[in-house]
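Engineer: Build me a structure from this.
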Amino acid sequence: MKETVKKSSLGLISLAILGMACDAFGAGGVPASAATMPVPATAAKEDHVKDIAKQELSNRRQSLMKEAVVANDEIIHAIFFLEKKDTRQAYTMLTKADGQLNILLARDPNLKLAPIDVRANVMDLEVSPDRIHNAVKDAKSELDNGHIQAARILLAPLVSEMHIDTDFLPLGIYPNAIKQASKEIQASRLDEAESTLADALSSIVTSQEVIPLPPLKAEGDVLKAEQLLNKDKVNNRSKVLSLLDSADNHLADSEALGYGKYQTIRSEIASIKTRVAGGGAKPDLFERVKGLFHEIMHGKKG
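Structural biologist: Reported below is the predicted structural model:
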């Protein structure tokens, strides 16, 4: 069974909200299986989220190791040929896979895990904090009555986050599996060879990061508010205030969902609203709040 290692990040490291299949190495040439990512309609409208997602996903794809990706694909092909009883092609595939891993290990003999794929899934929730609190209250009541599964059903939808899954090829297992399967092919033990390779595939390690969306949406609102205010302080005032309200609401949602506390940054947004409403906005009005969002992006709470 595939091992899953889960990591939780409460920062705004944002990735992969775009629904598109991407070449893992761009113009570099070797297509990998970087997945297509579903996008909810609500998230698709968040330009700020999409822009950061594109950049972060691009960064992650750059970390994929071409040799490991190719080796894994060759093993999959080898299994296919074994099923067809084509031992010559299966053995050729394994020879190529072994060569790719040798290149990788020659470059870094201490490498244990090689990233081969990155995927993302977005689960977005658009409800008020009051409804969130009510759902939690109902879930607690169900738990008090011993209804664990009923409570789980109530809590399951309370998410607004991205899941970033990265697959790693375990280099302590794959080279030995390739050598063993090659010997089994030479000995005409094709079923054993196929089983050996299937076991290797099942040893792939998946690391999962969980990234909350509401703070990222809030930052997008704040940046848009700054742009509008710089264009026209008078005529855009109501739009700016509305965006700042929206940013604060997103942070309230994030708190209600348990992603963190944002007292400092919400107080700063309230201060900005007061200055904008009073006509006292200065050019550097948004600098502190942008700095606070930057801290959130690096894993600190606001």
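
Engineer: Please settle this for me: is Ile116 part of a helix?
Structural biologist: No - counting by DSSP: H, G, I helix; E, B strand; the rest coil, Ile116 falls outside a helix, being strand.

Engineer: who touches it in this structure?
Structural biologist: Applying C-beta atoms under 8 Å, 6 or more residues apart in numbering, we find Ile116 in contact with 32-33, 64-65, 68-69, 72, 167-169, 204. Heads up, the C-betas are built off the backbone N, CA and C, glycines and all.

Engineer: Please list the members of these that lie in helices.
Structural biologist: Within the contacts of Ile116, residues falling in helices by DSSP state H are 68-69, 72.

Engineer: residue nearest the centroid of this structure?
Structural biologist: Ile164 (2.2 Å; C-alpha atoms, centre = their mean).

Engineer: what sits against that residue?
Structural biologist: Going by C-beta under 8 Å, 6+ apart, Ile164 touches 15-16, 60, 118-120, 208-211.

Engineer: Same list, the ones in helices among the contacts of Ile116, but as TSV with neighbour count please.
Structural biologist: As requested, those are exported to TSV (neighbours: other C-beta atoms under 10 Å):
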residue	neighbour count
Ala68	26
Val69	24
Asn72	24
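
Engineer: which one of those residues sits closest to Lys50?
Structural biologist: Val69 (25.8 Å; C-beta to C-beta).

Engineer: Run a quick neighbour tally on Ile75.
Structural biologist: 25 (other C-beta atoms under 10 Å).

Engineer: hmm, who's touching the helix or strand harbouring it?
Structural biologist: Element membership of Ile75 [criterion: DSSP states H and E] is helix 66-83. For helix 66-83, contacts defined as C-beta under 8 Å, 6+ apart pick out 24-25, 28, 30, 32-33, 87, 89-91, 93-94, 96-98, 100-101, 103-104, 114-117, 169, 171, 174, 178, 181, 185, 190, 193-194, 197-198, 200-201, 204.

Engineer: which ones are touching Lys282?
Structural biologist: Lys282 makes contacts with Arg275, as judged by C-beta under 8 Å, 6+ apart.

Engineer: From Glu184, how far off is it?
Structural biologist: The gap separating Lys282 from Glu184 is 74 Å, by C-beta to C-beta, to the nearest Å.

Engineer: Could you do Val222 as well?
Structural biologist: 60 Å.

Engineer: Between those two, which has more neighbouring residues?
Structural biologist: Set side by side, Val222 and Glu184 show more neighbours around Val222, with 27 against 19, by other C-beta under 10 Å.

Engineer: Now the more buried one. Nearest residue, chain neighbours left out?
Structural biologist: Nearest residue to Val222 in three dimensions, chain neighbours excluded: Ala247, at 5.0 Å (C-beta to C-beta, 6 or more residues apart in numbering).

Engineer: immediately after the helix or strand the one you found falls within, which helix or strand?
Structural biologist: Assigned by DSSP H and E, Ala247 falls within helix 237-256. For helix 237-256, the following helix or strand on the C-terminal side (DSSP H and E) is helix 263-277.

Engineer: Convert the C-alpha atoms of the very next helix or strand once past that next one to CSV, please.
Structural biologist: Remark: after helix 263-277, the chain's next helix or strand is helix 287-297, criterion DSSP H and E. C-alpha atoms of helix 287-297 as CSV (Å, rounded to 0.1, in the frame of the first residue of the first chain):
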residue,chain,number,x,y,z
GLU,A,287,2.6,48.6,3.4
ARG,A,288,2.1,47.2,6.9
VAL,A,289,-0.8,45.0,6.0
LYS,A,290,1.1,43.6,3.0
GLY,A,291,4.0,42.8,5.3
LEU,A,292,1.6,41.0,7.6
PHE,A,293,0.3,38.9,4.7
HIS,A,294,3.9,38.2,3.8
GLU,A,295,4.5,36.8,7.3
ILE,A,296,1.4,34.5,6.9
MET,A,297,2.8,33.2,3.6
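
Engineer: tell me the mean pLDDT over helix 287-297?
Structural biologist: Average pLDDT, helix 287-297: 89.
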